[in-house]
Each structure stands twice: as C-alpha cells, then as structure tokens.
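> when you get a sec, could you give me coordinates for this:
(one chain, ligands or ions: 1)
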Amino acid sequence: PGRLADKVAVVTGSSAGIGRAIALAFAREGAKVVCSDLQPLATVDINDEAHVATHDAIMNEGGYSAFVKADVGEAHEVEELVHEAVEIFGRVDIFVNNAGIAIEIDEPSASGLGIAKTSVSVYDKTVKVNARGTFLGCKYAIAQMMRQEVGPSGDRGWIINISSIAGLVGCGGCPAYCSSKGATAELTKQVAVEYGPHKIHVNAICPGVINTAMVKPITTDDASTKQMIAAHPWGAFGEPKDVANAAVFLASEDAAFVTGVLLPVDGGYVAE
Ligand code: NAD
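Numbers count the residues shown, from 1 in each chain. This next block holds a predicted model:
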C-alpha cells in the first residue's frame, strides 16, 4: 500500500499543471482522489497528457477518482464540493487548495503590471480565487473533518494550501497575485494554530517558477526566461512533480509533527 492508502483527498484546480500532478501523485500513493476544477479538461496546458481528464487518467491506472465541478471563489460551490466528496467516498481526509490564477502575468507586458496599472477589478478577481478560495476550502473541509471519526494515526486531517514564493517575497510587478498568496500563507499559520489541538495539519507549499501554462507568458522570449531562471540558484524552473512530491510528504504520516509551515519548493529562490 502507498503512503496515502485509504485516504480521501480533494484537489482543486486539478485539470492542469500542479493540481493535476498532485492528484496523480496522491492516486499513485493509494488515495481516492476527488478532482475538481472549472471543467474536467484543461483549456490551456503545456502538458499534452492534460487532454485526458485527470480523473480518467487515475482510473485508467486502476485508481479511484471522481470529478466535481466547482469554482473555488463561490462559497456554495466549495461547500457542495465537500458534500459531494463525502457522498462519493464517505469522508475527506486531505484537502488541497491549489486552484489559482495570475491575471497580471497573463497580460501582454508579461513581467507584471505594477501597482499603478493593476486595476481594481484585476485585484478583486485575483484575491477572490486565490485568497478567498483558499479560505473557503479550509473552512468547509475543516467543518467536515471535525464531523468525522479520527483515523488510527490520531490525525484528523491534512490541509495543503498552494501559496507561492510571491507569498514570501515581493515578486516583480504582481501586487494582486502577491497579496493573494501572502494572505494564503498567513491563513495557513492561523488555521494551523487554531486546529493543532484537533490534530488537523495545515501547511502551505510556496513554489518557485514551475513549468505550467500559468508561467507561459513570462517565458516566451529568451531574455525574460534567462532572467527568471537566474533568480533560482538551482539554475532551472521546477516541474509540477516537484510540488506534488512535497504535497505527498505533507499529506502523509511522515509529516506527523509538521504543521503551520510555509515550505518553499523553489530551487533556492527565497534563500538568496
Ligand atoms: P495552471 O494555470 O496550469 O492551473 C490552474 C488550474 O486552476 C487550472 O486548471 C484552472 O482551470 C484552475 N482554476 C482557475 N480558477 C479556478 C476557479 N475559480 N475554481 C476552480 N479552479 C480554477 O496553474 P499552475 O501553475 O498549475 O498553478 C497551480 C497553483 O500553483 C496556483 O495556485 C498557482 O498560483 C500556484 N503557483 C504556481 C506557480 C508556477 O510557477 N506555475 C508558482 C507558485 C505558485
């Protein structure tokens, strides 16, 4: 059996990129995975495999999976996602708040808009998905975990929030994105402190630049790509599986005494 055998995991934003890699890694470790996104297939992805829905890919490998459509910015949809996960697999042990957007780096300027050019609506949209979405995921997943029987390890649940290096240091010209990821990081610590006594692990991963569709706009020309790579002492961008491996650790009993951490998976970016 894998490290997550018999666990039920929900992963938001699982149709592409990092969320997809986390869902697949969890399934390979034996978890039953509820994949969730705005739609089952990625609209844009740099990974060809994403043309097969993540939950189909898991089932093709003999795992257990389901897809539940949800917009993480909408409270009733996140609440319903948790209810459906319980309907399908009976409980929720692990909840990954991964769904996210970076409107500022989608803009033609690519390196971000800066605060003067960031519109109020870009700020609101970004914070709604990234920060509010994570708040909602924590809120409804924890309510469910508190209703469940505690497993044999004594742990009641595992929450993993995908923040960013942008939640730890001031990155480029993306004030809305940085604000949303900083909020995610601080929320992680608050909830970890509040739910430590209930044995719910709450941790965040802060990825550096990871090769996904999200960062395509900043890697179109050689100069900006070289500059971004140079900011990572490791001398490369990360891959979705690098974040997924950290998520498996944080969701497993190997992380028994780990809670409230903001774990950079960034090739040394924030260490510099
Ligand atoms: P991605 O764009 O490849 O995938 C994001 C997924 O989230 C997509 O499938 C998208 O449909 C989904 N999504 C967007 N809005 C949603 C909503 N409102 N409700 C539900 N799903 C929604 O991006 P990625 O690089 O895989 O990013 C995943 C997470 O990692 C995000 O939170 C992102 O901010 C974070 N992150 C990414 C990087 C990076 O360099 N790629 C670095 C640090 C943090």
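> tell me where the stretch 101-250 of the chain has strands.
For the stretch 101-250 of the chain, the strands defined by DSSP state E, counting those that start in this stretch cover 157-162, 200-207.
> quick one: mean pLDDT over the shortest one.
If I follow you right, that is strand 157-162. Summarised as a single mean, pLDDT over strand 157-162 is 98.
> extract the CA atoms of the helix or strand bottoming out on mean pLDDT in the chain and return them as PDB.
Ranked by mean pLDDT, DSSP states H and E, the helix or strand of the chain with the weakest confidence is helix 103-106, at a mean of 79. The C-alpha coordinates for helix 103-106 follow below in PDB (Å, rounded to 0.1, in the frame of the first residue of the first chain):
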ATOM      1  CA  ILE A 103      -4.100  37.600 -14.300                       C
ATOM      2  CA  GLU A 104      -1.200  40.100 -14.100                       C
ATOM      3  CA  ILE A 105       1.300  37.700 -15.800                       C
ATOM      4  CA  ASP A 106      -1.300  36.900 -18.500                       C
END
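> can I assume Cys171 is in contact with Cys178?
Yes. Assessed by CB atoms under 8 Å, Cys171 is found in contact with Cys178 at 5.9 Å. For every residue, glycine as well, the C-beta is placed using N, CA and C.
> residues from this structure in reach of the ligand?
Within reach of the ligand by CB under 6 Å from any ligand atom, the chain has these residues: 12-13, 15-19, 37-38, 42, 71-73, 98-102, 129, 162, 164, 207, 209-210, 212-215.
> out of the residues you listed, which end up buried?
12-13, 15-19, 37, 42, 71-73, 98-102, 129, 162, 164, 207, 209-210, 212-215 (16 or more other CB atoms under 10 Å).
> which residues touch Asp254?
By CB atoms under 8 Å, 6 or more residues apart in numbering, the residues touching Asp254 are Arg3.
> using the three-state scheme, assign it.
Following DSSP: H, G, I helix; E, B strand; the rest coil, we place Asp254 in the helix state.
> now it: how far from Leu4?
Separation of Asp254 from Leu4 (CB to CB, to the nearest Å) stands at 11 Å.
> looking at the residue lying closest to Ala31 once chain neighbours are set aside now. What's its pLDDT?
Leaving aside its chain neighbours, Ala31 sits nearest to Leu4 (3.9 Å; criterion: CB to CB, 6 or more residues apart in numbering). At Leu4, the predicted lDDT confidence score is 98.
> what does the one 3 residues further on give?
At Lys7, the pLDDT value in this model is 97.
> what's the local residue count around it?
If you count neighbours by other CB atoms under 10 Å, Lys7 ends up with 23.
> show me the beta-bridge partners of Lys32.
Val8, Tyr64 (DSSP bridges).
> which residues does Arg20 contact?
14, 42, 45, 47, 49-50, 54, 240.
> hang on, it in a helix?
Yes. Judged by three-state DSSP, Arg20 forms part of a helix.
> if I look at the closest residue to Asn60 other than its chain neighbours, how far off is the ligand?
Leaving aside its chain neighbours, Asn60 sits nearest to Val52 (7.5 Å; criterion: CB to CB, 6+ apart). Distance from Val52 to the ligand, counting by CB to the nearest ligand atom, to the nearest Å: 14 Å.
> what about Val52, how many neighbours?
14.
> can you give me the distance of it to Leu24?
11 Å.
> now do Gly13
In this structure, Gly13 and Leu24 are 14 Å apart, going by CB to CB.
> what's the answer for Gly196, then?
30 Å.
> how about the helices in the stretch 101-250 of the chain?
Shown for the stretch 101-250 of the chain, the helices assigned by DSSP state H, counting those that start in this stretch span residues 103-106, 114-117, 120-127, 133-147, 175-195, 222-230, 240-251.
> helices and strands around the fifth one, which ones?
Which is helix 175-195. helix 103-106, helix 120-127, helix 133-147, strand 157-162, strand 200-207, strand 262-265 (3 or more CB pairs under 8 Å, 6 or more residues apart in numbering; DSSP states H and E).
> could you check the angle helix 133-147 makes with that helix?
Using axes from the mean of the first three to the mean of the last three CA atoms, to 10 degrees, one finds that helix 175-195 and helix 133-147 are set 20 degrees apart in direction.
> what of the third one?
Angle of helix 120-127 versus helix 133-147, following the same axes, to 10 degrees, is 30 degrees.
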